[in-house]
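Participant: Sequence first, predicted model second:
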Amino acid sequence: MLGVILAILVLPLAVAIASFLAPARVAAGITIVSGIACFGLVLALIPHATRGATTYLSYLRADSLSCVFLLATAFLYAAVAVYAAGYLKGRTDRYARRFYLGFNVFAGAMLAAPLMSSLALLWIAIEVTTVVSALLVAIEDTDGAAEASWKYVLIASAGLGLALLATIFAYYAGAQVLGAHSNLAIQPLISVGSRLPKTPVRLAFLLAVLGYGTKVGLVPVHTWLPDAHSEAPTPVSAMLSGALLATSFYAILRFYQIAAATLGSGFPRGTLLVFGIASLLLASLYVFGQRDVKRLLAYSSVEHMGILAIGVSFGAPVALAGVLLHVLAHAAAKGNAFMGAGVFTVTYGTKQMSAMRDGLRLLPWSGPLFLLSIFALSAFPPSGIFRSEFEIVAGGLGHGDYAAAAVLVVVVTIAFIGLATSTTNVLLSPVPAEQAPGEPSAWMVVPVLAGLAVLVLLGVHPPGELTNLITQAAAQLRGAP
């Protein structure tokens, strides 16, 4: 499987270079091929990951946990690549080539992060995602985009500075047991966790939650997220929300494994519970009164990252499985929602929801698909998010965390009311002037249909191989051998 791993790493970067040199149509085509190929490669990796981890030269490692996050990123890479072909219609050749260069490097860095075997390499990969995505946020060349990109760089760089400090503390702790030659490989640190000094590990975990939590969008280090998601091109917003936040959460989970092996699960679970509830509460309130459709979805992302943190804090096997399923379902649902919002912004020429009306009639495909995507985000059955949140709540109740589970249910319901109120106005309010219905591009509809099919599949009957992958990944998080 080494060839598959290397192909996942190399293909997006090769296509990025080719995209910058080729005409826009060629760049769009090879990006679509690269996205679909990477998704296929990740699917091919899953059976091998469930049979055991694959390691190469102490630098690359693929196991069940990493494959869950690879799958979320690879699916979005393929779907958004198709969507971008329609979204960029009418853009200049120079803009398109710059976009595809950054887009492929961004996707490649997010695919690389879960394959890194050490905390240091993981930090480098996530740092690359910051640099590239900041340039993509600013690519529209407007004052708002430049401000959002600058804010993103400042806050994310400060966060990754804390994450680097967390990595240094983890090295110090590992060196006490493994010796100065320790290369921060994740699995050896977990294996000797019971012998690591507790204080540096505790500090490393706290700094990792704050540092990588900046990229995840956990409160109170989330403030870059609404601006960046709103100002970025819609394909970039979809990748930021569905893939980048999850990839950064993956980094926190690796520190969680080390902290749980050293300190027991109580301290890291309690820490994640505090950040998770704060994120969930704030996001559920901020979805009310939003006027920008992409900012509305950005705060929904903060909400769902809080759900992930709360789910891990429950610690029950079914809750951890629900968290990993939620990573996949949220990638599909939030990618769909942003792609649907992008159709609306193209059709109406604005991101302001007050100017969007009668969407169900004017957009005969994208209007209903956007509504279904919002329902999926709000955990309506039979979507995958309904199944994942049900498992998380069941795990919390079964583990005795009644108060946190109750807060989760109540606040998610409040967030749904906010989302439903905003989208109802956009989709159902009539407009006085008649306008002919129609879609901007079929390229912008097909990936949303694929995303909804995935959400139904995850909600009704996930494939057996995927269930096995999630079960094994949840066992890793519990510290099972």
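Facilitator: Okay, I see it.

Participant: hey, where'd the strands end up in this structure?
Facilitator: Assigned by DSSP state E, the chain shows strands spanning 54-56, 60-62.

Participant: name the helices or strands packed onto the last one?
Facilitator: Just to be clear, that refers to strand 60-62. helix 2-21, helix 24-51, strand 54-56 (3 or more CB pairs under 8 Å, 6 or more residues apart in numbering; DSSP states H and E). Where you see a C-beta, it was placed from the backbone N, CA and C, and this is true even at glycine.

Participant: Check the first one too.
Facilitator: Strand 54-56 makes packing contacts with helix 2-21, strand 60-62 when contacts are defined by 3+ CB pairs under 8 Å, 6+ apart.

Participant: which outside residues touch it?
Facilitator: Strand 54-56 is contacted from outside by 1-2, 5, 45, 48, 60-63, 117, using CB atoms under 8 Å, 6 or more residues apart in numbering.

Participant: Now flag whichever of the residues you listed is closest to Gly479.
Facilitator: The closest of the contacts of strand 54-56 to Gly479 turns out to be Asp63 (CB to CB; 13.9 Å).

Participant: if we can go back for a sec, make TSV from the helices and strands packed on strand 54-56 and add distance to Thr247, mean pLDDT and mean neighbour count to it.
Facilitator: As requested, these are exported to TSV (distance: least, CB to CB, whole Å; pLDDT from 0 to 100; neighbours: other CB atoms under 10 Å):
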stretch	distance to Thr247	mean pLDDT	mean neighbour count
helix 2-21	14	94	18
strand 60-62	15	93	22
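
Participant: which one of these lies closest to Gln435?
Facilitator: helix 2-21 (35.4 Å).

Participant: For that closest one, enumerate the helices and strands it packs against.
Facilitator: Looks like helix 2-21 contacts helix 24-51, strand 54-56, strand 60-62, helix 64-87, helix 93-112 (3+ CB pairs under 8 Å, 6+ apart).

Participant: Enumerate the positions of the last one that are buried.
Facilitator: Along helix 93-112, the positions that meet the burial threshold by neighbour count (16 or more other CB atoms under 10 Å) are 95-112.

Participant: and it, how far out from the chain's middle?
Facilitator: 17 Å (CA atoms, centre = their mean, to the nearest Å).

Participant: again with the first one
Facilitator: Counting by CA atoms, centre = their mean, helix 24-51 is centred 17 Å from the centre of its parent chain.

Participant: next one: the second one
Facilitator: Here the centre of mass of C-alpha atoms in strand 54-56, compared against the chain's by CA atoms, centre = their mean, lies 25 Å away.

Participant: and it, which strands flank it?
Facilitator: Strands that pair with strand 54-56, judged by DSSP bridges, come out as strand 60-62 (antiparallel).

Participant: what residues does the partner strand touch?
Facilitator: With CB under 8 Å, 6+ apart as the test, strand 60-62 has contacts from 1-2, 5, 9, 45, 48-49, 53-55, 70, 114-117, 186-187.

Participant: so where's this protein uncertain?
Facilitator: Screening the chain residue by residue with the criterion pLDDT under 70, one finds the ranges 431-434, 480-481.

Participant: show me where the stretch 151-300 of the chain has helices.
Facilitator: 186-191, 198-216, 225-231, 234-239, 245-263, 266-286, 293-314 (DSSP state H, counting those that start in this stretch).

Participant: Let me have those helices in JSON lines, extended by mean neighbour count and distance to Arg361.
Facilitator: Written out in JSON lines, the entries for those read as follows (neighbours: other CB atoms under 10 Å; distance: least, CB to CB, whole Å):
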{"stretch": "helix 186-191", "mean neighbour count": "20", "distance to Arg361": "52"}
{"stretch": "helix 198-216", "mean neighbour count": "24", "distance to Arg361": "38"}
{"stretch": "helix 225-231", "mean neighbour count": "26", "distance to Arg361": "26"}
{"stretch": "helix 234-239", "mean neighbour count": "28", "distance to Arg361": "22"}
{"stretch": "helix 245-263", "mean neighbour count": "25", "distance to Arg361": "34"}
{"stretch": "helix 266-286", "mean neighbour count": "21", "distance to Arg361": "30"}
{"stretch": "helix 293-314", "mean neighbour count": "27", "distance to Arg361": "18"}
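
Participant: Please pick the buried ones from the contacts of strand 60-62.
Facilitator: 5, 9, 45, 48-49, 53-55, 70, 114-117, 186-187.

Participant: quick one: which of the residues you listed is nearest Ala450?
Facilitator: Nearest member of the buried ones among the contacts of strand 60-62 to Ala450, counting by CB to CB, is Leu70, at 18.0 Å.
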